[in-house]
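Asker: predicted coordinates and the sequence they were generated for:
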Amino acid sequence: MALLEIKNLSKFFGGVKAVDDFTYSLDRGHLHAIIGPNGAGKTTIFNLITGIYKPTQGDIYFDGQRTTGLQAYQIAKKGIARTFQNIRLFSEFSVLDNVRTACHQRASYSVMEGLFPTPRRLRQEKELTNHAHELLELVGLADRATEKSKNLPYGHQRRLEIARALALEPRLLLLDEPAAGMNPDETEKLMEFIEEIKEKFDLTILLIEHHMEVVMELCDDIVVIDFGKTIAWGTPEEIQSNPVVIEAYLGVGEEA
Amino acid sequence: MSGYYAGIVILTCVNLLSALGLSLLTGFTGSFCFGQAGFMAVGAYVSTILTMRYAAPFPGALLAGVLASTLVSIPLGYPTLRLKGDYFAIATLGFAEAVRLIVENLEKITGGSRGIPSIPTHTTLPVILIITLLCIWLIRNYVSSRHGRNCVAIREDEMAAQAIAVNTFRYKQISFAINAALAGLSGGFLAHYVGFIQPSMFGIQKSTELIVMVIFGGMHSVTGAVLAAIILTALPEALRAASAWRLVVYGAVVVLIMVVRPEGLLGSWELSVASVQDLWIRLRTRFSTQ
Amino acid sequence: MILQQIINGISIGAVYALIAVGYSLVYSVLNFSNFAHGDILMLGSYLGFFALTKLGVPFWLAMVVAMVGAGIVAIVMDKIGYRPLRLRKAPLLYLMISAMGISIFLQNFTIVTIGPNFRTYPDIFPPQPIAVGELSIGRLDLIIFAITVISLALLTWFIYGTKMGSAIQAAAYSMDVASLMGINPDLIVSVVFFLAGATAGIGGVLFGMKYTVYPWMGMLTIKAFIAAVVGGLGSLPGAVLGAFILGITETFAAAYVSSAFRDLFSYALMTIIIVVRPAGLMGTIAQEKA
C-alpha cells in the first residue's frame, strides 16, 4: 500500500482553481517529485497535504488513514514533516533551539512538570538536547549551535530547516525547493545529503524542485503539473521523453 | 524595613506578578493582551467579597480569586485565540471594559463606582515576596521547558510551529490561563494591601502600565520583565511623577522601543549562573589590554 | 416605539460607519488593525470644536479643518510609528504594540495639555426635532445621516472611480503586485491613511456634536473594530453594514434591556459573529501563504 494517497484533490480560491483534480500516490522508501512551472500549484499541494489548506474536494490518505480536514499540527504528529519555500525558521532562537524545539515529541513531561525541575524532566531534556546535537552534526551545523538562526547564511538556513524537519522523526518528508538559490556544487552536496538521509532514516521523500538534474537523477517517480492539473506521471525517463511535458515545460528555455 | 519602603516593595511585587503573566502571554507566546487589569479586577473583587462578606480566610479567598480569573480566561480565549492577533487584542480590551462596566453596575455586590472600602490588610511583605519569587521561579522553569520553547515557536512563526506538531491553540490557551491566574493573584494581593478597591483602579491605565513593563524590559526575557516592573514601579513612587505625564512618556517610549529596539532592554538575555559567568568573561576580556 | 429606536440606531450607526470604513480601509491595504484609529477621531473632534469655539468659523469650515487635520495626523502617525516597522518587515505584534503606544501618547497628551474635561459642541442646529407622523427625528440626526451619506458617496467615488482609487484596490489585493505595476506603495499608504483620518475626523465632529468631546474617545476604536468584524474585516461595504447593525443593536439593547450595559451588547454581538461566522457578513478570511 502506498504511504501517501492523494485522490482527486482540488482547491479553489474563489474562481481560481489552484489545484484541479490532482491524483498521486507515494510509494514507501521512494523519492518522488512534483515539477511544473511557477504558479502551477505545487506548493498549494504541499499545503493541502500538510493541512494548512482544507481541500475543496478530494481526499488524502496517509498510511491508510484519512487525513483530509485534520489540523496541520495533527498531520505533523502523524509523521509528515516539511520545509518551506521561503525558509521559516524561528529567527530569535539559536540554531540548536530551532531543532531542539522540534524534538518536543521525544519528551512526555506535562505542563505541570514544566513549572518544576523534576528528575524525569531533566532526564528527558538531556536526551532531547543530545538528539538535537546529533541532528546538527548530521547537517554540519554543530559548531554553530549557539548562534542565532537569523544570522546564518542562506544555505545554512536551508540545512537547518531540514534538520528541524528531521527532528520530528517523520516517515514522509516534504521538501519545497530545497536547492533554491544554490550553485551547482552546493546542489550536488544537497543531492548526496538527501540520498543519505533517505537511507539512514528510512524516509519517503516528496520534492518540489526546479533544478532538473536533481529531479531526474535522484527521483524514482515524477508527476508534472501545470495550472493545477496533472499533465504527466512516470519515471524520469518517461517524463523526459514525454512530448506534452517537453512542450509545456522542459522545452521552454533551458533554465534551472 | 520602614512602612514606606515596605509599601514600595509590596506594590512592586503586585505589579511584578501581573507583568510576569504578561511576559509569558505577550512576550513569549506573542498574544497581545490589552486587558490585564480586567483579570486583576476579577481576582481583587472575588477575594475581597469572600474575605469581607463571608469571613473567608485570606489564603482561601486569594485562591478563589485566582481560580475565578483563570476560569474567566477560558471562554474569553476560546473563540479569539483561534483567529488573528487583532481579534484577541481587541477582545481582551473589550473584556477589561466589560468587567469595569459590570462592576460599576452591580452596586449591591461590588459597591459600584465607589468601590469597597476598609478591606482588611492581609497582605504582608514576607508572604507576597516569597510568593512572587516562587512565581518567578516557576515561570522561568516553564519558559525553559519544552512547553516554553513551543510558545516561543508560536510567537516566531505560528505556521512553522504547527509544522513541528505544536498544538498552537492549546498552548495559547495555557499561556492565557497562567497569565490570568497570576493577574488574579496580583489583584487579590493589591486589594488586601491598599485597603480599598474601585473600578477606576482597573482601567486601561493599569493595563497599559503593565504591558509597558513587558515591552520595556524585553519581550523575550523574564529577567527583563522583572527589572522593568521594579524600575517602573519604584521610580514613579520615588519621583512622585504626575500620573498623566508619565503615561505620555510611556506612550512615546513604547513607539520608540518598537522602532529602535523592539527586543527591549535585555533582549533575550536571562539572568542565570551561566549567563552571568559569560558576561563576566566578556567584560574582563573587553577591559584587559593584553 | 420600535421605529423611533431604529432611527436612533441609524443615527449612531452612521457615525460608526464613518469610523469603521476608515479602519477597514487601512486593514484592507496593510492587513493591520490601527488601534490608534479612535484617537485620530478624538483629535478631529477637538480640532472641529476649537475651530468652532475659538476661531469662530462657520460649521462647514470647522468640518474641513477637522477632516484635513485628522488626515494629516494619520499620515504623520504612519510615518513615525508604522512605516519604520513595515520597512523592517516587523511582525504584526510589533505594529500592534506601536499602535497602542501611539494611542496612549495621544490620549494622555490631550489630557495633560487640553485637560480631561468633557466639552460640548455649541448648538449649531435648532434643537427642536422634526415631526414625521408619530416619529420625531432630531435635526442633528438628519444632518449626521446626510453628512455620512455624502462622505461615504465621495469615498466610494474616489475608490471606484479614480485612478488612485484603483491603485488602492490593487494594493488591497496585493501591495507587491501593485508596486510591480509602477504604483508607489508609499504614496498609496499615505493616501489611505489620509482618507482613514479624514473620515475619522468627520466622524469625530459628528460624534462630538451628538454627544460630547473627551480625551478617551479613542475607545471608539473598539466600536470600529466590532463594526468592521461584523461586516467582514477588510470589506468597506461590510464595514458600513456592520456599523448600522451595531448601531441598531446597541440602541435596541439600551432601550429595551439596559442602557448601562449598552457596550456589553456590542461585545456580545462581536462574540457571536466571531464564533458563528468569523469572516463576517461580507468578508473572507484571507489565508496566509506558506
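Answerer: Done, it's in.

Asker: how about the residues of the stretch 101-250 of chain A near chain C?
Answerer: Counting by C-beta under 8 Å from any C-beta of the partner chain, the stretch 101-250 of chain A comes close to chain C at residue A:176. Placement of C-beta: from N, CA and C, glycine included.

Asker: in terms of pLDDT, where does the closest residue to residue C:244 other than its chain neighbours sit?
Answerer: With sequence-adjacent residues excluded and distances taken as C-beta to C-beta, 6 or more residues apart in numbering or on different chains, residue C:244 is closest to residue C:13, at 3.8 Å. Note on residue C:13: pLDDT of 94.

Asker: hang on, residue C:13 packs against residue C:247?
Answerer: Yes. Counting by C-beta atoms under 8 Å, residue C:13 touches residue C:247, with 2.6 Å between them.

Asker: against which helices or strands is the helix or strand containing residue A:131 packed?
Answerer: Here residue A:131, judged by DSSP states H and E, is contained in helix A:119-139. Contacts defined by 3 or more C-beta pairs under 8 Å, 6 or more residues apart in numbering or on different chains; DSSP states H and E place helix A:119-139 against helix A:95-102, helix A:111-115, helix A:154-166.

Asker: mind listing what's buried in it?
Answerer: Buried residues in helix A:119-139, defined by neighbour count with 16 or more other C-beta atoms under 10 Å in any protein chain shown: A:121, A:124, A:125, A:128, A:129, A:131, A:132, A:135, A:136, A:138, A:139.

Asker: list the contacts of that helix.
Answerer: With contacts defined as C-beta atoms under 8 Å, 6 or more residues apart in numbering or on different chains, helix A:119-139 is touched by A:95-96, A:99-100, A:103-104, A:106-109, A:113-114, A:142, A:145, A:159-160, A:162-163, A:166-167, A:193, A:197, B:145-146.

Asker: three-state assignment of residue B:188?
Answerer: helix (DSSP: H, G, I helix; E, B strand; the rest coil).

Asker: give the contact list for it.
Answerer: For residue B:188, the contacting residues are B:43, B:44, B:46, B:47, B:48, B:61, B:62, B:65, B:66, by C-beta under 8 Å, 6+ apart.

Asker: what parts of chain B come near chain A?
Answerer: With C-beta under 8 Å from any C-beta as the criterion, chain B comes near chain A at residues B:138-139, B:141-142, B:145-150, B:152-153, B:156-157, B:159-168, B:174, B:220, B:268.

Asker: in chain A, which residue sits closest to chain C?
Answerer: residue A:47 (5.0 Å; C-beta to the nearest C-beta).

Asker: just checking, what packs against the helix or strand hosting that residue?
Answerer: Element membership for residue A:47, per DSSP H and E: helix A:42-49. In terms of contacts (3+ C-beta pairs under 8 Å, 6+ apart), helix A:42-49 is packed against strand A:4-13, strand A:16-26, strand A:31-35, strand A:172-176, strand A:204-208.

Asker: mean confidence for the next helix-or-strand element following it?
Answerer: Later in the chain than helix A:42-49, the nearest helix or strand by DSSP H and E is strand A:57-62. Mean pLDDT, computed over strand A:57-62, is 95.

Asker: buried residues in strand A:57-62, which are they?
Answerer: Of all the residues in strand A:57-62, those buried under the rule 16+ other C-beta under 10 Å are A:58, A:60, A:61, A:62.

Asker: distance from the chain centre to the following helix or strand past that strand, please.
Answerer: Going down the chain from strand A:57-62, the next helix or strand is strand A:65-66, by DSSP H and E. Relative to its chain's centre, strand A:65-66 lies at 19 Å (C-alpha atoms, centre = their mean, to the nearest Å).

Asker: with stretch A:136-150 instead?
Answerer: How far stretch A:136-150 lies from its chain's middle: 20 Å, per C-alpha atoms, centre = their mean.

Asker: for the residue most central in space within chain B, which residues are in contact?
Answerer: For chain B, residue B:18 is the residue whose C-alpha lies nearest the centre (C-alpha atoms, centre = their mean; 2.2 Å). By C-beta under 8 Å, 6+ apart, the contact set of residue B:18 is B:36, B:40, B:182, B:183, B:186, B:210.

Asker: now intersect those residues with the strands, please.
Answerer: Of the contacts of residue B:18, none are assigned to strands by DSSP state E.

Asker: can you tell me which of these end up in helices?
Answerer: Those of the contacts of residue B:18 mapping onto helices are B:36, B:40, B:182, B:183, B:186, B:210, per DSSP state H.

Asker: contacting residues around the nearest residue to residue A:17 once chain neighbours are set aside?
Answerer: In this structure, residue A:17 finds its nearest non-sequential neighbour in residue A:228, 5.2 Å apart by C-beta to C-beta, 6+ apart. Contact analysis of residue A:228 by C-beta under 8 Å, 6+ apart lists A:10, A:11, A:17, A:18, A:19, A:20, A:22, A:40, A:41, A:44.

Asker: would you confirm that the fifth one contacts residue A:48?
Answerer: Yes. Residue A:19 is in contact with residue A:48 according to C-beta under 8 Å; the separation is 6.7 Å.

Asker: contacting residues for residue B:268?
Answerer: Shown in contact with residue B:268 (C-beta under 8 Å, 6+ apart): A:92, B:218, B:220, B:221.

Asker: how about it, secondary structure?
Answerer: coil.

Asker: now do the same end-to-end measure for stretch C:50-63.
Answerer: Its start and end residues considered, stretch C:50-63 measures 11 Å (C-alpha to C-alpha, to the nearest Å).
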